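Asker: task: produce atomic coordinates for the following.
(one chain, ligands or ions: 1)
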Amino acid sequence: MERTSILFDSLLVKAHHLWNNQWVLLTSGDFAEGRFNSMTIGWGSVGTMWGKPFVQVVVRPIRYTYEFMERYDTFTLSTFPETYRRALQLLGSKSGRDGDKIAETGLTPMASTQVAAPSFAEAELIMECRKMYWDDMEPTHFLDPVIDKNYPQKDYHRIYFGEIVAIHGESAYSK
Ligand SMILES: Cc1cc2nc3c(=O)[nH]c(=O)nc-3n(C[C@H](O)[C@H](O)[C@H](O)COP(=O)(O)O)c2cc1C
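Answerer: Numbering: from 1, shown residues only. Okay, here's the model as predicted:
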């Protein structure tokens, strides 16, 4: 995959399309230690917070990836060409607790440039992030009662803000 370094000011993403249609792979852990896990995510945001480029991701505490998000300081977000849709479906339906689902997809984890969490050789866009904030979703703050239907088990997401410390992507992702 032909990726170059992209400055945040030059990053081009169709924000809603990115999360809702394309999907994103969240990876947390430490590549050098050989301890990491990935899961597909469809809810999140990319923007600016406290004057820094940042992403927001939301992770239910039951996810194996949650344990890595809690233990490690960094994570990466990767997007892939459409041909990897089945890999993202698998990583979003199986748990890393139950076996090596990353190996099953054939994707190739690799060292990131600025963070311990790995990224993927096949990715077309990689955002390397350092955790800067977390909070737990507070159901009494849901202003639209429809939101609560997402939580029949009351397993409210933990919200993480990550500062984006490096971006690498194909030319379509920058201007
Ligand atoms: C398209 C898609 C989007 C998803 N978005 C999220 C999300 O934003 N947050 C979340 O906690 N789980 C989300 N999931 C579910 C996890 O990816 C799924 O439960 C996964 O198997 C967890 O793997 P793990 O146990 O190895 O962490 C999504 C799944 C799919 C298929």
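Asker: and the residue nearest in space to the middle of the chain, how far from residue 133?
Answerer: By Cα atoms, centre = their mean, the chain has its centre lying nearest to residue 26, at 2.7 Å. For residue 26, the distance to residue 133 (Cβ to Cβ, to the nearest Å) stands at 16 Å. Yep, even glycine has a C-beta here, placed from its N, CA and C like the rest.
Asker: how about stretch 45-55: buried residues?
Answerer: The neighbour-count check on stretch 45-55 (16 or more other Cβ atoms under 10 Å) flags 46, 53-55 as buried.
Asker: assumed residue 127 was part of a strand.
Answerer: Yes. Residue 127 forms part of a strand when assessed by DSSP: H, G, I helix; E, B strand; the rest coil.
Asker: show me where this structure has its helices.
Answerer: Here the chain has its helices, by DSSP state H, at 15-17, 64-71, 85-91, 101-105.
Asker: close to the ligand: what parts of the chain are there?
Answerer: 23, 37, 39-43, 58-60, 63-65, 92-97 (Cβ under 6 Å from any ligand atom).
Asker: so which of these are in strands?
Answerer: 37, 39-41, 58-59 (DSSP state E).
Asker: between the two ends of stretch 81-88, how far is it?
Answerer: 10 Å (Cα to Cα, to the nearest Å).
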